[in-house]
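Chemist: I need the structure of the sequence given here:
(2 chains)
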Protein chains: 2
Amino acid sequence: MPDREIGALRLIPLGGLGEIGKNMLLVECGSDGLIVDTGIMFPENDMLGIDYIIPDFRYVVDRLPELTVHGIVITHGHEDHTGAISHVLDSIPAPVYATALTAGLLEIKMEQGGHRDHPLNVFKPGDTFELGPFKVESFHVCHSIPDSVGLGINTPVGLIVHSGDFKFDHTPVDGWPPDFAKLAEFSQRGVLALLADSTNADRAGWTPSEATIDQAFDRVFHAAQGRIIVATFASLISRIQQVAAAAQRHGRKMAIAGHSMGEYIKVATRLGYLSLPKDVVISVEQAIKMTAPEVVIMATGSQGEPSAVLGRLAWGRHRQLEIMRGDTVIMSAHPIPGNEELVHRTINKLIQRGATVIYDPIAPVHVSGHASQEELKLLINLLRPKFFIPVHGELRHLMQHSMLAQEIGIPRENIAVVENGTEIVLTPDSLTVGGRVPGGYVFVDGAGVGDIGPIVMRDREILARDGFLIAMILIDQETRELIDEPEIITRGFVFVRDASSLIETARTLIEEIVGTHNNGNLTVALEDALSKFFYNQTKRRPMIFAYVREV
Amino acid sequence: MPDREIGALRLIPLGGLGEIGKNMLLVECGSDGLIVDTGIMFPENDMLGIDYIIPDFRYVVDRLPELTVHGIVITHGHEDHTGAISHVLDSIPAPVYATALTAGLLEIKMEQGGHRDHPLNVFKPGDTFELGPFKVESFHVCHSIPDSVGLGINTPVGLIVHSGDFKFDHTPVDGWPPDFAKLAEFSQRGVLALLADSTNADRAGWTPSEATIDQAFDRVFHAAQGRIIVATFASLISRIQQVAAAAQRHGRKMAIAGHSMGEYIKVATRLGYLSLPKDVVISVEQAIKMTAPEVVIMATGSQGEPSAVLGRLAWGRHRQLEIMRGDTVIMSAHPIPGNEELVHRTINKLIQRGATVIYDPIAPVHVSGHASQEELKLLINLLRPKFFIPVHGELRHLMQHSMLAQEIGIPRENIAVVENGTEIVLTPDSLTVGGRVPGGYVFVDGAGVGDIGPIVMRDREILARDGFLIAMILIDQETRELIDEPEIITRGFVFVRDASSLIETARTLIEEIVGTHNNGNLTVALEDALSKFFYNQTKRRPMIFAYVREV
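Modeler: Okay, the predicted model is just below:
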């Protein structure tokens, strides 16, 4: 890592590898620091048993004696920006700053994490506040949760703009378009560096407005003869508003199924971000008593989660509701990468139970919350930053975003495409990619944070593939003979009830080896022989253990 | 199941649930039968340890004494149509019929499966042959492997048309468009039922022609400064031809990396389906010696398989080649559903090593081999079948295909949307959906076929999530006391080196329980106590075993 220069600004994205700034960003200038977002990542399909992943912020903690973190600013209320807040506060007790809805959602997490009384400062989009030497100017952006902001951060070396997660929606559901005026003003003042959301950098064109959903809903509502069930993200407040409006237009009542959606609705309603017409909202109990064409049910489970409402309906395991022939299910969400199989399986199961399922591409019943290529180019051209740092997305998205920036005239050498944990050093006239700070994935599994590493993961992979087998062997220390036959415990390897002759042959093999073994390690000899035997017989490689005990 | 009517035709798709006719179709009339395709399915991400899935053809085997299977006709050489051939022949030794390339690929499988001398009859697309009372008229279709056919099957109740996997490509790479004349002729004769490929039934429009790839390749080849590496399916012969042609146009030489691709090329070249210009093809060894702008490398691994060439390049584990800054990698394939994470991770790793990676949607470097909505409607309108049976696809695709058919005038009651294992009964003027024959998934895991069921799968899930722990407890049968401290073996649960105090506390707990236990089952008491203890400490639920032995 290059020596720390006085007067240089250092940006360090912290989080999972292959991604940058998705989860947490450290802004550092001398001994003053500021953190943007504290998100979690969701485990991929082969990260067995992992609940979620938090950014590795060891570097910040290690620097704490000399570094003052003046604040933690959260751009919006999604898990990949808020989820690690308590983990971070456990080690970095800086004051938190967020807009009202984001703060409402953070409060719940902070309370659960034992940080109930921790300072949580609420600002309005457009507000400016000072954090040490940094003056933060927030600005409203459109995204798939209300009250999202981007940040203009005035630093000793210049103005840095962080887009947050955004799209340029001219007709958002809440009637609150992005703050173009602020962006224009930043541009006039001169932007040293722009950090911008890269999620959809490989999508051509302009992400459709939320308003386009209304037409798609109208077509589906018009055609539906029976009940309508709409599944979406619990946090997609604007979609819930849209469904309520569609229900009203088509003379239906709307019930909410799903605990987390109920929670979001409660917070959003209390804070004024959601206003459901009183005569439209009914309870699930009331919905059950009404005739099918009168009802819309909003549900969680758009990602195929088996324990959410839609998953329970698909598998016939919901406490109150069940799918009826004639139901129309609208999947108003796209599968998050990695969830495709689960989502498709859920759709197939719903069809099996008699539902008609409407999903994109069958009808445009969902739009992304992230900007596509033309919007990304517009943001860069609005701000005309000197330096450009694509953030939020996998490396392939960052790279594509960098290509777009070059197409519109940002020189390659003024762009930093870096992975998490890589430091970027900015001065008023230079951008340098520095070294790597220590860190990587921090897995959370049950109560454990960071205790599961590659060795346990590798063991889980082997166990998942072929299970294990353990043979208990008691030997008489006088006669060196087996004390009755070896006991064998196995799981995940063979179906024991049908494998008795295999197990019996293995017992005989153990007896032979014990009988003839006279030097070296008996445990190793047994484990080797059993591994070979079972591989020959089954072409599988379970974990094999021999527990040998002399008595 | 309804009684078997004399003169009725019975169609039974066999294979995985949620899908129909993807893998294997039984056509049955009285005591005469015919099988179309013998494919495998690939396991989903949560089918832990499973190598592949074969159709459940128990029903056919059970009926064999009374049923004569006159032939097994394979429509094309993809694994999901050929892969289970040896499993099927083990139980149903009927003669096999296929076109030359398909037969060339089947031969390898049949030899490996011990069916070297089994009758394998080669026909040309357009040929007609008789199998008992069935006259089979094959017709050429375009798909992502050469020599693909659909089948007109003349049966005692009428003409059934099976599309095979197809698209309507007017400009295929091999210059051999689909056999529209045959379809028109079938139509004139009158088609009782059409079974058609539903894979892309939810995609609007018309699948682009293979010819469009040439332009995309030209753009990428023109821009590339260094080596070009093209990854695609080993069986996508036409794509290999296209890359060779692009190499020639742009003055490059082409090397083939990847065993399976080499095998496909060998068979396809020998049989005349591939003709690579001699002055273009070089070996990998020669490619290594040439300068970067002279070289194209064709590689396997487009699905992110870690052991295929592209996977090895991405992780720096290839024996001969490594990614160099300036390489351009073209992913000329779409991820098969379920492979998205692996493919994206591979792309990120390649970028990390300095490659530029081109994939759809960044550039249109791949097209699907399956028909989209306008082609599907055209097929139905060309044939005007009385009855329609969507096949090949998940339930959601079949349902969408049914909607398309209804849009163009096929009455709902003349369409059968069924899952595998459901019998469809056809007479000259009726279509009836019958009962389910026994069957489901048959998992192949190592040498085991069908021995892994829900219990083993469930155990693998638990082991994958939280591992296991076993405590070995020896008790003196006189004193009822522990013979030194309990031994504990655990994997996939905690990182043992860091968990010594947890394990130590568990040992103390065991000692306490053994010391105070005086009635009931000690093993159960220990397993209960350990499960509770570990859950409280870690919020994880490993499989817990106590092995208690008195000596």
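
Chemist: separation between A:Ser144 and A:Thr207?
Modeler: In this view, A:Ser144 and A:Thr207 are 10 Å apart by CB to CB, to the nearest Å. Bear in mind the C-beta positions are built from the backbone N, C-alpha and C, glycine included.

Chemist: which one's more surrounded, those two?
Modeler: A:Ser144 (24 against 21; other CB atoms under 10 Å in any protein chain shown).

Chemist: mind checking pLDDT for the more buried one?
Modeler: Note for A:Ser144: predicted pLDDT of 94.

Chemist: which residue packs closest to it, ignoring adjacent ones?
Modeler: Nearest residue to A:Ser144 in three dimensions, chain neighbours excluded: A:Gly369, at 3.0 Å (CB to CB, 6 or more residues apart in numbering or on different chains).

Chemist: wait, a strand at that neighbour?
Modeler: No: read with DSSP: H, G, I helix; E, B strand; the rest coil, A:Gly369 is coil and lies in no strand.

Chemist: that one - how many residues pack around it?
Modeler: Residues lying near A:Gly369 (other CB under 10 Å) number 24.

Chemist: same check, this time on the one 5 residues further on
Modeler: A:Glu374: 14 surrounding residues under other CB under 10 Å.

Chemist: OK, contacts around it?
Modeler: Applying CB atoms under 8 Å, 6 or more residues apart in numbering or on different chains, we find A:Glu374 in contact with A:Ala204, A:Gly205, A:Trp206.

Chemist: chain B versus the second one, what's the distance?
Modeler: Between A:Gly205 and chain B the computed distance is 10 Å (CB to the nearest CB, to the nearest Å).

Chemist: can you check A:His143 too?
Modeler: Look at A:His143 and chain B: by CB to the nearest CB, they are 22 Å apart.

Chemist: can I assume that residue is in contact with A:Ser163?
Modeler: No: using CB atoms under 8 Å, A:His143 makes no contact with A:Ser163, being 9.9 Å away.

Chemist: where does chain A dip in pLDDT?
Modeler: Residue ranges of chain A with pLDDT under 70: A:1-6, A:16-22.

Chemist: distance of the residue of the stretch 51-200 of chain A found nearest chain B from B:Arg312?
Modeler: Nearest to chain B in the stretch 51-200 of chain A, going by CB to the nearest CB, is A:Asp51, at a distance of 9.0 Å. Applying CB to CB, the value for A:Asp51 to B:Arg312 is 32 Å.

Chemist: residue of the stretch 101-250 of chain A nearest chain B, please.
Modeler: For the stretch 101-250 of chain A, CB to the nearest CB, closest residue to chain B: A:Asp202, 5.5 Å.

Chemist: in which helix or strand does that residue reside?
Modeler: Using DSSP states H and E, A:Asp202 sits within no helix or strand.

Chemist: try the one 5 residues further on
Modeler: With elements taken from DSSP H and E, nothing contains A:Thr207; it lies in neither a helix nor a strand.

Chemist: wait, it touches A:Val367, no?
Modeler: Yes: between A:Thr207 and A:Val367 there is a contact under CB under 8 Å: 6.1 Å.

Chemist: overlap of the contact sets of the two?
Modeler: Counting by CB under 8 Å, 6+ apart, nothing touches both A:Thr207 and A:Val367.

Chemist: between A:Asp51 and B:Arg312, tell me which one has more neighbours.
Modeler: Set side by side, A:Asp51 and B:Arg312 show more neighbours around B:Arg312, with 22 against 16, by other CB under 10 Å.

Chemist: my guess is the more buried one meets B:Gly301, correct?
Modeler: Yes: the pair B:Arg312 and B:Gly301 qualifies as a contact (CB under 8 Å) at a distance of 7.5 Å.

Chemist: related to what we said a few turns ago, so can I have CSV of the contacts of A:Glu374 showing neighbour count?
Modeler: Below are the contacts of A:Glu374 laid out as CSV (neighbours: other CB atoms under 10 Å in any protein chain shown):
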residue, neighbour count
A:Ala204, 10
A:Gly205, 10
A:Trp206, 17
